Structure formats: structure tokens, C-alpha cells
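1. Quick one, what's the 3D model for this:
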Amino acid sequence: MKKYFLLSICLMSLYACKKGDNQKLEPNNTPITDYMPTKQGSWWMYGSQNGDVTIRRATGRDSFMLDREYDYYETTDTASGYVTPEYFGKNGDKFLMLVDLDGSMSKYMAVVVSRDSAQVGDQFSNTANMTYSAVPLNLLTEGEVLSTTESMTINNHTYNNLVKVKNALKGKPVISPAYINCGSVTMWIKPGLGIVRAEFDIHISSFYSRQYTDSLIDYHIEP
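-> Residues are numbered from 1 along each chain as shown. Now for the predicted structure:
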């Protein structure tokens, strides 16, 4: 959804030099029905701690992005009516999403979010190259599965056996040998339903800091 743009904000001035799991994918994606429904008419409503409400809708359509087919969704900000395109896919045993790198909806990074039969301790990284203000950059996230049995009650609905995945956001300027910690994004995923909660804790040195939470407050799945 639109909020996932936060994930890329903290990486804009960073440089990394690793090749991540998102660079080692199989040639073709498959539908993500193991992770979330794709049938048109299905929707998920998310609320934030400051009252923002967004609705993700399955379109039932595919979109060809970054050389692969992705299931196409749209998320609407209920206050402004702004619609953000979203792309999810399954590649082998990996659950992928595309992250908009600069808000232009034209430069995306494929991110491995989770995998089939996730186990505590599973790790994966994601990298991408881009140019920002004429400066070539490499971007890096490092994820780890922290739990596969989390329970959470939101809006009087209890979700069990959630997969909790935390992505540390790191990088280094071209001129620096040391990595910089820029915060984290933590997700709770219910296989077969989708993302139940996402927490953003972004802090880039002294010039940017934000904490944000999106929680699933209602949903409808088409049979």
C-alpha cells in the first residue's frame, strides 16, 4: 500500500554492495493464493494509529512488472480517494511484493517478504540499484522470521498462527565503509489471508524519523 513507500525513504541516500535473494529468483512468478486471495471483490481495510483508513482491493488481474507477472491490487486512501497500485507475487517458495522506490510508480524494487513453511530463524535480503539526484545507489534490507505462532486481536477479531517477519533497513554511503542502521519494518502475515499488521520504525540519522502502524480492521474474501 501507499505506506510501504516509507520503506524506501530511509534508503535513498545509502549505498550497499550485496546481491540479495530478490536477485536470485526463478524466471516466472505464480499466483499468490497461498498467501492472500486474488479474486476480484475481495478487500482488506487497514487503520493506522492516527486514524488513517485505507482499503486494499483484489482486481483479479495480472500485471507484467520487472520481467515477471504479478497479481495486481489497488489500495485507496478513504480520506483523499488516492489510489495506489500494488503488486504481489509468488516465486518458487517466496512471497514477493514490489516497493515503489521514489513515489513515481515507475521505479520498483522486488522484496522477498516471506516464504512457504516459514521457520523461525529464516533469513533473506533484498537489494536494488537506483539513481537519486544523479547519484547511483544500491539498496539493502535484511529480513528474519521471528515467529510463526503469533496471535493478535484487532477490532475484536483474533488472528492466530501469524508469521512475524522483521526487516532491518541498512546501508552505507558510497564514501563510507560502515553500514548505517535506518530502522525496521515488521510485518505479521496470515497465510491465506494476507498482511494483518505492519509496523514502520524509520530513523535516518538526525534528519528523518517516523513511526507508523497499519492494522487490519475488517476484510471480505470472495468465495
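2. What segments of this protein are helices?
-> 5-9 (DSSP state H).
3. pLDDT below threshold where in it?
-> Residues of the chain meeting the criterion pLDDT under 70: 1-18, 132-138, 171-179, 204-208.
4. Please enumerate the strands of it.
-> 43-48, 53-65, 68-77, 83-91, 94-100, 108-115, 123-132, 135-154, 157-171, 180-190, 194-204, 208-220 (DSSP state E).
5. For the last one, buried residues please.
-> It refers to strand 208-220. Within strand 208-220, the residues that qualify as buried are Y212, T213, D214, S215, L216, Y219, counting by 16 or more other CB atoms under 10 Å. Bear in mind the C-beta positions are built from the backbone N, C-alpha and C, glycine included.
6. ok, now the shortest one?
-> Residues of strand 43-48 classed as buried by neighbour count (16+ other CB under 10 Å): W43, W44, M45, Y46, G47.
7. which other helices and strands contact that strand?
-> strand 53-65, strand 208-220 (3 or more CB pairs under 8 Å, 6 or more residues apart in numbering; DSSP states H and E).
8. which other residues reach that strand?
-> Residues outside strand 43-48 that contact it (CB atoms under 8 Å, 6 or more residues apart in numbering): 1, 3, 53-58, 155, 194-195, 212-220.
9. can we see that at 10 Å?
-> With contact meaning CB atoms under 10 Å, 6 or more residues apart in numbering, strand 43-48 is reached by 1, 3, 36-37, 52-58, 73-76, 78, 154-155, 193-198, 212-222.
10. Only whichever of these are buried, select them in PyMOL.
-> Command for PyMOL, covering only those of the contacts of strand 43-48 found buried under the criterion 16+ other CB under 10 Å:
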select buried, resi 1+3+36+37+52+54+55+56+57+58+73+74+75+76+154+193+194+195+196+197+198+212+213+214+215+216+219
